[in-house]
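Student: Quick one: sequence plus predicted model below, questions after.
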Amino acid sequence: MAVLILTIPSLIITRYVYPCQDDFHYAFYAQETMAEGHGLFYTAMKWTIHYYKTFCGCYTSSFLGYFISGIINCDLWGIRIFEFCSLLLFYGALYLFVYAVSHKLMGFPRERVLPFYCVLLAMLNGLIYYGWHEAFYWFITSIQYLMITSLILLGIAAFSFGLCEEAGRKKTLFCIAASVLGFLGSGGTLSIAAFCCALYLLAALWGIADRREWKASSLIMGITLLGAIINGVAPGNYLRAGETQTITDVIYAGKMSVKYAIERWETFAENPVFWIIMILLFAFVFSAERQQSKFDFKLPGLFVLVLFGFVSGIIFPAMLGYGYDVYEILMRGNFISDTAFYLYIFMGTLYIKGWLDRKYHTVSPKIVNRDTAWIGCFLLAALLVFERDDWDRIPFIAQYRELSAGMFAEYSDFCVDIYRQIEESDQDIVEIHTDYVEQQVCLIGPQFFEGWYDPEEEYANRTIARFYGKRAVYIYYN
């Protein structure tokens with residue numbers, strides 16, 4: 001029930017998504033190339049190579065962007081079905097990640113997997129920012145951020161299953177899957193590549209320290225790092241930057257990455273919902289008895305500090321390329337670093353539990369599931385009583401309210417109607433007069449340009465016009 005309560009709003013919202021400016025950009029070039037007689041795979045590869053040379057090295061993101069755009073071609077219901085499936089993939093991959101890490105690697109009982117999963121869902125859908133993320137409800141960003149994050153989580157699950165299997169066909173298949181998914185994950189944006197390498201490094205170190213799997217762990221990690229190197233050395237990365245970064249710039253970006261990670265943690269700490277979730281996480285983790293492992297769980301404080309450093313490392317590429325001010329409002333960037341924060345909080349808590357079990361010979365207060373449920377009810381009741389004015393700060397609560405009020409339907413209809421008028425117009429230069437609907441929901445704004453503009457300079461309207469075969473689109477609000 002908790003899983004449904006936490007995930008249903010985000011799944012329903014995909015019913016109201018629509019294409020935005022970058023979606024039209026990818027679809028236009030895909031269809032133009034295919035109209036020349038080329039196949040879909042050739043089209044995606046051609047533009048991936050072009051992007052690699054001229055814009056960025058994220059080969060997986062570029063390929064999937066053009067490949068899937070070539071299939072869907074900005075079809076409204078095609079995008080909505082894709083977004084729905086993309087979220088299902090993400091939620092499924094997250095469950096397999098939790099199952100693999102907590103049960104297969106750390107030895108927690110199977111019945112604890114679902115409570116752990118619910119805690120992470122509460123972080124993803126119940127804390128700051130997540131209800132307003134581009135990665136959830138923007139088609140091209142969902143491909144290039146949410147889907148690749150899902151591939152990484154599936155890769156870690158396959159890595160974990162492979163470590164736990166004895167030598168044989170199943171182990172080989174899991175290791176191959178982990179290697180392929182690691183290579184694909186490293187082909188995302190540089191922040192995603194850093195996220196992928198950090199998670200794979202933790203899995204590899206665990207495989208070596210606890211499972212004595214030197215060969216498999218090193219091979220999988222090596223393939224993942226190879227993908228990150230191919231991504232990082234792309235000529236397009238340096239052309240896009242526009243100027244050479246000095247060692248001073250690198251040091252400054254490193255300092256600001258740490259600063260942002262600290263400030264992000266402070267933002268979490270100021271949110272009472274965060275501490276409600278943390279108390280539930282502690283209750284579920286520290287009340288469980290787990291199987292002992294070969295690993296000693298030494299230096300838990302250092303381990304947590306390393307995890308925090310990994311978050312800073314994920315932020316670093318975007319901080320170097322765009323700067324602090326841009327990252328602060330870069331929702332898809334925050335999607336990756338916030339996801340890392342939540343996963344590392346979860347993994348750090350499991351590690352501390354392992355350390356306590358080693359040091360004090362199993363620390364497990366007897367809290368049965370019924371008692372844990374009562375704890376959850378009490379904490380939620382406390383939240384209701386003491387934080388009633390702040391309930392709308394919880395994204396999935398706000399989404400329920402906005403869905404019931406019809407706000408998603410109203411804004412979606414406004415955007416889709418503009419596209420409909422452009423498509424149906426027989427004019428080369430389209431003028432649209434419409435009533436303005438304010439964006440008050442988590443759907444990504446199409447960034448329509450109002451009034452006159454230079455069609456050669458303005459991006460959003462020009463991209464939309466080009467896709468529909470128009471010279472220009474001018475939008476005026478009544």
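Tutor: Perfect, thanks for sending it. Residues are numbered from 1 along each chain as shown.
Student: from here on, contacts and neighbour counts on C-alpha atoms
Tutor: Noted.
Student: Apart from its chain neighbours, what residue comes closest to F108?
Tutor: R290 (4.5 Å; C-alpha to C-alpha, 6 or more residues apart in numbering).
Student: any idea which helix or strand comes after the lowest-mean-pLDDT helix or strand in the chain?
Tutor: In the chain, the helix or strand scored least confidently by mean pLDDT, DSSP states H and E is helix 369-386, which has a mean of 60. Sequence-wise, the next helix or strand downstream of helix 369-386 (DSSP states H and E) is helix 395-404.
Student: Now do the buried residues in that next one.
Tutor: P395, F396, I397, A398, Q399, Y400, E402, L403 (16 or more other C-alpha atoms under 10 Å).
Student: repeat for stretch 417-427
Tutor: Y419, I422, E423.
Student: got it, and stretch 69-89?
Tutor: S69, G70, N73, C74, I79, R80, F82, E83, F84, S86, L87, L89.
Student: Can I get the buried residues of stretch 417-427 in TSV including secondary structure, distance to L105 and pLDDT?
Tutor: Listed next are these as TSV, based on DSSP: H, G, I helix; E, B strand; the rest coil; distance: C-alpha to C-alpha, whole Å; pLDDT from 0 to 100:
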residue	secondary structure	distance to L105	pLDDT
Y419	helix	50	92
I422	helix	54	91
E423	helix	54	90
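Student: just those now: which is nearest G162?
Tutor: Comparing the buried residues of stretch 417-427 against G162 with C-alpha to C-alpha places Y419 closest, at 48.2 Å.
Student: Run through the neighbouring helices and strands of the top helix by length along the chain.
Tutor: Secondary structure assigned by DSSP state H gives helix 331-360 as the longest helix of the chain. Packing partners of helix 331-360 (3 or more C-alpha pairs under 8 Å, 6 or more residues apart in numbering; DSSP states H and E): helix 113-126, helix 134-137, helix 190-209, helix 272-286, helix 300-322, helix 324-329.
Student: give me the number of residues near the closest residue to Y344 other than its chain neighbours?
Tutor: Of all residues not flanking Y344 in the chain, L307 sits nearest, at 6.1 Å (C-alpha to C-alpha, 6+ apart). L307 is flanked by 22 other residues according to other C-alpha atoms under 10 Å.
Student: Can you give the domain ranges for the chain?
Tutor: Using automatic domain parsing, the domain parsing of the chain gives 2-237+245-399, 407-477.
Student: F316 and I251 touch, don't they?
Tutor: No - if you go by C-alpha atoms under 8 Å, F316 and I251 don't touch, sitting 10.1 Å apart.
Student: who has more neighbours, those two?
Tutor: Remark: of F316 and I251, F316 carries more neighbours, 27 against 12, as counted by other C-alpha under 10 Å.
Student: what comes up buried for stretch 262-280?
Tutor: R264, V273, F274, I276, I277, M278, I279, L280.
Student: what's next to stretch 163-176, contact-wise?
Tutor: K104, L105, A158, F159, F161, G162, G207, R211, E213, A216, I220 (C-alpha atoms under 8 Å, 6 or more residues apart in numbering).
Student: Tell me where this structure is predicted with low confidence.
Tutor: For the chain, applying pLDDT under 70 flags the ranges 128-133, 239-245, 361-393, 455-456.
Student: Residue nearest the middle of it, spatially speaking?
Tutor: L146 (4.2 Å; C-alpha atoms, centre = their mean).
Student: What distance do you get for the closest residue in space to that residue that isn't next to it in sequence to I444?
Tutor: Ranked by C-alpha to C-alpha, 6+ apart and with sequence neighbours excluded, the top spatial neighbour of L146 is A135, at 5.6 Å. Distance of A135 to I444, computed by C-alpha to C-alpha, to the nearest Å: 9 Å.
Student: hmm, back to that, can you tell me which residues contact the residue nearest to the centre of the chain?
Tutor: S86, L87, F90, A135, F136.
Student: 10 Å instead, please
Tutor: 83, 86-87, 89-90, 134-140, 152, 332, 335-336 (C-alpha atoms under 10 Å, 6 or more residues apart in numbering).
Student: Please apply the same query to W138.
Tutor: 14, 17-20, 22-23, 79-80, 83, 146, 332, 443-446.
Student: circling back: I'd like to know which of the buried residues of stretch 69-89 are part of strands.
Tutor: Among the buried residues of stretch 69-89, DSSP state E puts none in strands.
Student: which neighbours do F316 and I251 share?
Tutor: S257.
Student: related to what we said a few turns ago, did I read that right, the residue nearest to F108 in a helix?
Tutor: No - with DSSP: H, G, I helix; E, B strand; the rest coil as the criterion, R290 is coil rather than part of a helix.
Student: Quick check: phi and psi on it?
Tutor: Dihedral angles phi and psi of R290 (degrees, to the nearest 10) take the values phi -120, psi 160.
Student: Surely it touches E111?
Tutor: No - if you go by C-alpha atoms under 10 Å, R290 and E111 don't touch, sitting 11.5 Å apart.
Student: neighbour-wise, which of these two wins?
Tutor: Set R290 next to E111 and count neighbours by other C-alpha under 10 Å: R290 wins out with 20 against 12.
Student: Before I go, just wanted to say thanks for your time.
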